[in-house]
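A.B. asks: fold the following, please.
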Amino acid sequence: MVRYIANKFFYMLVSLFILISATFFLMKAIPGDPFTSEKKVPDQIRERLYEQYGFDKPVYQQYLKYLGDVVQGDFGISMKKINREVSDIITGSFAPSLKLGLVAIVVAVIIGVSFGVLAALYHRRLLDNITMVLAVLGIAVPSFVIATLLQYVFASKLHWLPTMGFKGPLYYFLPVAALSAQPIAFIARLTRSSMLEVLHADYIKTAKAKGLNWIAILFRHVIRNGIMPVVTYLGPMTANIVTGSVVIEQIFGIGGIGKQFVDAISGRDYPVIMGITIFYGVLLMIARFITDIAYVFVDPRIKLSKGKEG
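C.D. replies: Prediction:
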């Protein structure tokens with residue numbers, strides 16, 4: 001276990017280094033600069049700004065300095081928000097995004113697995129057909145379209161739920177529904193497919209022949225083995241929810257890290273863009289690591305060996 005965690009941590013550092021390098025050089029490759037605007041900036045002021053932010057130095061020197069600062073946990077100062085450090089912007093706006101993401105993940109797993117189990121148990125019946133139609137729609141329709149429809153129906157027309165903001169429990173319903181719709185659909189399909197395979201396995205037939213209680217068989221063998229693909233999907237699902245929250249936060253006016261990211265891109269705020277990108281990358285790497293560890297707890301037969309690291 002210790003060796004596996006050490007190897008995994010090493011590969012995470014390598015991936016993080018590649019992410020930081022790629023983000024830095026992509027920012028440098030974008031035409032223009034953060035000081036480009038409709039109002040022309042005088043050359044003297046532009047030169048002072050370049051000197052202040054180190055843009056007057058060769059790119060490799062800027063790169064090495066940025067790497068050194070990141071190692072020390074310093075992501076720099078925003079170019080658009082006066083005297084605000086990037087780390088403060090991230091920590092100050094992460095709480096709403098974290099709450100939204102965690103609730104969406106829990107809702108997606110609970111509802112998705114439940115739908116998948118019911119669809120498998122009622123295979124080729126009405127409930128199975130309805131569940132799979134909803135799953136196809138959930139996968140096919142983009143989250144921003146679902147968000148807009150939910151706002152129109154439940155907020156504008158029915159006035160049941162608030163349209164914008166993130167001030168209390170009622171404000172969670174619409175953004176969480178929009179953000180978790182696609183993961184719910186995908187998990188339902190994964191669970192149904194895996195459950196059908198497990199239900200027809202020889203050891204399930206043997207358990208039935210021995211007269212074991214069906215409820216015990218269902219929970220101890222069928223569901224436990226049937227949710228293995230769901231555990232596999234938790235890492236990609238986290239990535240999907242994290243990246244999808246950027247759009248959802250804009251639509252519902254949630255002042256989370258996604259909104260800060262969009263604002264930074266619009267304003268060419270390079271330090272904020274790079275800082276949030278690195279922060280997202282670290283979150284996704286941690287999610288993938290936790291997913292790999294979770295395999296062992298779901299199915300002890302899986303060993304954390306060198307072959308499993310990929």
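A.B. asks: just checking, what packs against the helix ranked longest in the chain?
C.D. replies: Using DSSP state H, we find that the single longest helix of the chain is helix 86-121. Applying 3 or more Cβ pairs under 8 Å, 6 or more residues apart in numbering; DSSP states H and E, one finds that helix 86-121 contacts helix 126-140, helix 173-199, helix 223-226, helix 228-252, helix 257-266, helix 270-298. Any C-beta I mention is one placed from the backbone N, CA and C, and that applies to glycine too.
A.B. asks: how far away from the center of its chain is that helix?
C.D. replies: Relative to its chain's centre, helix 86-121 lies at 8 Å (Cα atoms, centre = their mean, to the nearest Å).
A.B. asks: surely residue 93 meets residue 259?
C.D. replies: Yes - taking contacts as Cβ atoms under 8 Å, residue 93 lies within contact range of residue 259: 7.2 Å.
A.B. asks: need the helices and strands packed on helix 86-121 in JSON lines with distance to residue 31, mean neighbour count and mean pLDDT, can you?
C.D. replies: Compiled in JSON lines, those are given as follows (distance: least, Cβ to Cβ, whole Å; neighbours: other Cβ atoms under 10 Å; pLDDT from 0 to 100):
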{"stretch": "helix 126-140", "distance to residue 31": "36", "mean neighbour count": "15", "mean pLDDT": "91"}
{"stretch": "helix 173-199", "distance to residue 31": "33", "mean neighbour count": "23", "mean pLDDT": "91"}
{"stretch": "helix 223-226", "distance to residue 31": "51", "mean neighbour count": "18", "mean pLDDT": "79"}
{"stretch": "helix 228-252", "distance to residue 31": "23", "mean neighbour count": "20", "mean pLDDT": "80"}
{"stretch": "helix 257-266", "distance to residue 31": "14", "mean neighbour count": "20", "mean pLDDT": "84"}
{"stretch": "helix 270-298", "distance to residue 31": "13", "mean neighbour count": "18", "mean pLDDT": "82"}
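A.B. asks: which one of these lies closest to residue 26?
C.D. replies: The closest of the helices and strands packed on helix 86-121 to residue 26 is helix 270-298. By Cβ to Cβ, the value is 9.2 Å.
A.B. asks: next, the angle from that closest one to helix 228-252.
C.D. replies: Here the directions of helix 270-298 and helix 228-252 differ by 150 degrees (axes from the mean of the first three to the mean of the last three Cα atoms, to 10 degrees).
A.B. asks: next, the angle helix 257-266 makes with helix 270-298.
C.D. replies: Going by the same axes, to 10 degrees, helix 270-298 makes 140 degrees with helix 257-266.
A.B. asks: helix 270-298 vs helix 86-121, what angle?
C.D. replies: Using the same axes, to 10 degrees: helix 270-298 against helix 86-121 is 40 degrees.
A.B. asks: helices or strands up against helix 270-298?
C.D. replies: The criterion is 3+ Cβ pairs under 8 Å, 6+ apart, and the helices and strands that helix 270-298 contacts are helix 2-29, helix 86-121, helix 228-252, helix 257-266.
A.B. asks: out of those helices, which is closest to residue 163?
C.D. replies: Here helix 228-252 is closest among those (Cβ to Cβ), at 7.6 Å.
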